[in-house]
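Student: what would the 3D arrangement of this be:
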Amino acid sequence: MKSAKTVFACQECGAQSPKWLGRCPDCGAWNSLVEERAPAPAPAGRYPAPAGGGARLYADIEASSAARIATGIGELDRVLGGGIVPGSLVLLGGEPGIGKSTLLLQTAAHLARTAGPVLYSSGEESEHQVKSRGERLGVGDAPLYLLAETCLERVLEEMTRLSPALVIVDSIQTVFSLRMQSAPGSIGQVREAATQLLFAAKAQNVPTFLVGHVTKEGSLAGPKALEHIVDTVLYFEGERQHAHRIVRAAKNRFGAVSELGVFEMTAAGLVPVPNPSAMFLAERPANAPGSAVLCCIEGTRPLLVEIQALVSSSSYGYAKRTAVGLDQNRLSLLLAVLEKRAGLALGGDDVYVNVAGGLSVDEPALDLAVVAAVASSFRNRPIAAGTAVFGEVGLAGEVRATAQAARRVREAAQMGFSRCVMPAASIDRKDPGFADAGCALAGVRTVGEALEHLLA
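Tutor: Numbering: from 1, shown residues only. Modelled structure (predicted):
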């Protein structure tokens, strides 16, 4: 009997090789090739006719806007772009124990009460384990169906039988298809399971949530193609030592990208935080050198966060630079600008910069707040109370304009700040957003001019 043909598939990019290699020739990943049974070739012949009857003229297609389904959790609706789109496939990734299953179980309970039956398929927990969490969250007698199953075909059968309003698969790495001979979690199984669930979601117009694990580097485990298959990719962020959690949209075909939702983990589950700025600034020390308030934009939401800096004499032969919540290379660049353009001798000092509260900020408007916090700590002078800062800093020491300046100023004024130090090019006196904010605006063009306003 002829033995089955096998190939070695990369678990990072999906590339195949007839023999084992220590390093993938396509993506360069080490020890990522795993032996799998090669799929059977497709039979020759004509392809079946498509269900839609072939191509249609663009002008003959009617545009229909299906109503979104509210999850009952305002912050999750914001991240999704206003609610769940019927027939969409959403991937929620995060570290183990961060609260993915808790959030989805709360969503499932609300939709079961308002929209109809919900199917929750768990491949990692039994029905009793899910039920014990549901009792803590107060699920009650909602028509929520639990299925402890890892077989994809069995999950699809239950979708057809129940016709649910929502399907949750926890997690996609544990699901396997009988059509594939590889182990669950392999690149072939993950891709096949996600593709079949996508077809089922579109055909039955049922929104489907997939839970995905992340690697120690913070990216979603499994093939990168998984993110291309789904409609929306959400990342669950946060430290276990902090009470708050952040859900961020990395991809969304039906809403804004980089939208952000903030939750607080309590004994009764995840509670939305309606005013994240107040939460991030709640423990900010008063009149402390090295502290600056940044007004940033996350998606469509303005947020006020504290940037902390500590400059101290180096105890070793080289200066140390540490950044938490921002790019390390960006910090090195800004320190070089401070030393060259503002005359701050930082070459022999250790510099530590932190975005308080566990939030990660990567927009260019962060620059001026980092510069202000480092200069405040270096000169041991606190920034005047009631001052917010934002702006991009160039290599020539210039302060460049940033987008959505009026929204940042309004958010600062609503939080009680009386002055904003910002790029002069961003101030538009004709914009009613600036006139109605009730906040004094200090436009600056260079780093030196900004430090004069902040540390005078």
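
Student: surely residue 196 meets residue 156?
Tutor: Yes - between residue 196 and residue 156 there is a contact under C-beta atoms under 8 Å: 6.6 Å. Every residue, glycine included, has its C-beta placed from N, CA and C.

Student: which residues in the stretch 351-456 of the chain form helices?
Tutor: 366-379, 405-414, 432-435, 447-454 (DSSP state H, counting those that start in this stretch).

Student: packing partners of the last one?
Tutor: Identification of packing neighbours for helix 447-454 by 3 or more C-beta pairs under 8 Å, 6 or more residues apart in numbering; DSSP states H and E yields helix 328-341, helix 366-379, strand 387-389, strand 399-400, strand 419-423, strand 440-444.

Student: dump the ones you listed into JSON lines; add mean pLDDT as well.
Tutor: Below are the helices and strands packed on helix 447-454 laid out as JSON lines (pLDDT from 0 to 100):
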{"stretch": "helix 328-341", "mean pLDDT": "95"}
{"stretch": "helix 366-379", "mean pLDDT": "96"}
{"stretch": "strand 387-389", "mean pLDDT": "96"}
{"stretch": "strand 399-400", "mean pLDDT": "96"}
{"stretch": "strand 419-423", "mean pLDDT": "95"}
{"stretch": "strand 440-444", "mean pLDDT": "93"}
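
Student: mind putting the ones you listed into TSV with distance to residue 177?
Tutor: TSV is the format used below for the helices and strands packed on helix 447-454 (distance: least, C-beta to C-beta, whole Å):
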stretch	distance to residue 177
helix 328-341	42
helix 366-379	45
strand 387-389	53
strand 399-400	51
strand 419-423	54
strand 440-444	59
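
Student: which of those sits closest to residue 190?
Tutor: Among those, the nearest to residue 190 by C-beta to C-beta is helix 328-341 (31.8 Å).

Student: point out the other helices and strands that that closest one packs with.
Tutor: Short answer (3+ C-beta pairs under 8 Å, 6+ apart): helix 328-341 packs on strand 321-324, strand 349-355, helix 366-379, helix 447-454.

Student: so what strands line up beside the helix or strand residue 308 falls within?
Tutor: Following DSSP states H and E, one finds residue 308 within strand 301-313. Strand 301-313 pairs in its sheet with strand 291-298 (antiparallel), strand 349-355 (antiparallel), by DSSP bridges.

Student: in a markdown table: the helices and strands packed on helix 447-454, plus mean neighbour count and distance to residue 316.
Tutor: Below are the helices and strands packed on helix 447-454 laid out as a markdown table (neighbours: other C-beta atoms under 10 Å; distance: least, C-beta to C-beta, whole Å):
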| stretch | mean neighbour count | distance to residue 316 |
| --- | --- | --- |
| helix 328-341 | 17 | 17 |
| helix 366-379 | 26 | 19 |
| strand 387-389 | 24 | 31 |
| strand 399-400 | 22 | 33 |
| strand 419-423 | 24 | 35 |
| strand 440-444 | 17 | 35 |
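
Student: for the nearest residue to residue 182 once chain neighbours are set aside, give me its contacts.
Tutor: In this structure, residue 182 finds its nearest non-sequential neighbour in residue 36, 4.3 Å apart by C-beta to C-beta, 6 or more residues apart in numbering. Contact partners of residue 36, counting by C-beta atoms under 8 Å, 6 or more residues apart in numbering, are 6, 7, 8, 9, 181, 182, 186, 188.

Student: any weak-confidence spans in the stretch 301-450 of the chain?
Tutor: Within the stretch 301-450 of the chain, the ranges that satisfy pLDDT under 70 run 429, 433, 435-436.

Student: can you rerun that using 90?
Tutor: In the predicted model of the stretch 301-450 of the chain, residues 301, 313-319, 347-348, 357-360, 385, 427-440 satisfy pLDDT under 90.

Student: measure residue 131 to residue 120 for me?
Tutor: Counting by C-beta to C-beta, to the nearest Å, the gap from residue 131 to residue 120 is 10 Å.

Student: which neighbours do these two have in common?
Tutor: residue 146.

Student: which one of these two has more residues nearby?
Tutor: residue 120 (27 against 13; other C-beta atoms under 10 Å).

Student: circling back to that earlier point, so which of the strands paired with strand 301-313 is nearest residue 412?
Tutor: Each of the strands paired with strand 301-313 has some distance to residue 412 by C-beta to C-beta; the shortest is strand 291-298, at 5.2 Å.

Student: pLDDT averaged over that closest one - what is it?
Tutor: Computed over strand 291-298, the mean pLDDT rounds to 94.

Student: buried residues in that strand?
Tutor: 291, 292, 293, 294, 295, 296, 297, 298 (16 or more other C-beta atoms under 10 Å).

Student: hey, what's the closest residue to the third one other than its chain neighbours bridged with?
Tutor: The one in question is residue 293. For residue 293, ignoring the flanking residues on the chain, the nearest one in space by C-beta to C-beta, 6+ apart is residue 388 at 4.8 Å. Beta-bridge pairing for residue 388 (DSSP bridges): residue 293, residue 420.

Student: thought residue 388 was touching residue 302?
Tutor: No - using C-beta under 8 Å, residue 388 makes no contact with residue 302, being 10.4 Å away.

Student: between these two, which contacts overlap?
Tutor: When C-beta under 8 Å, 6+ apart defines a contact, the residues bordering residue 388 and residue 302 alike are 295, 408.

Student: list the contacts for residue 284?
Tutor: 291, 293, 306, 356.

Student: in terms of secondary structure, what does the longest helix seen in the chain contact?
Tutor: If you go by DSSP state H, the chain has its longest helix at helix 187-204. Counting contacts by 3+ C-beta pairs under 8 Å, 6+ apart, helix 187-204 is packed against strand 6-10, strand 89-94, helix 152-162, strand 166-170, strand 208-213, helix 225-229.

Student: neighbouring strands of the following helix or strand past the first one in the sheet, and parallel or not?
Tutor: Sequence-wise, the next helix or strand downstream of strand 6-10 (DSSP H and E) is strand 16-17. Each strand that pairs with strand 16-17, with its direction, by DSSP bridges: strand 6-10 (antiparallel).

Student: which outside residues touch the partner strand?
Tutor: Strand 6-10 is touched from outside by 15-21, 24, 26-27, 29, 32-38, 182, 186-188, with contacts defined as C-beta under 8 Å, 6+ apart.

Student: now with 7 Å?
Tutor: 16-20, 24, 26-27, 29, 32-38, 187-188 (C-beta atoms under 7 Å, 6 or more residues apart in numbering).

Student: for that strand, list every residue counted as buried.
Tutor: 7, 8, 9, 10.
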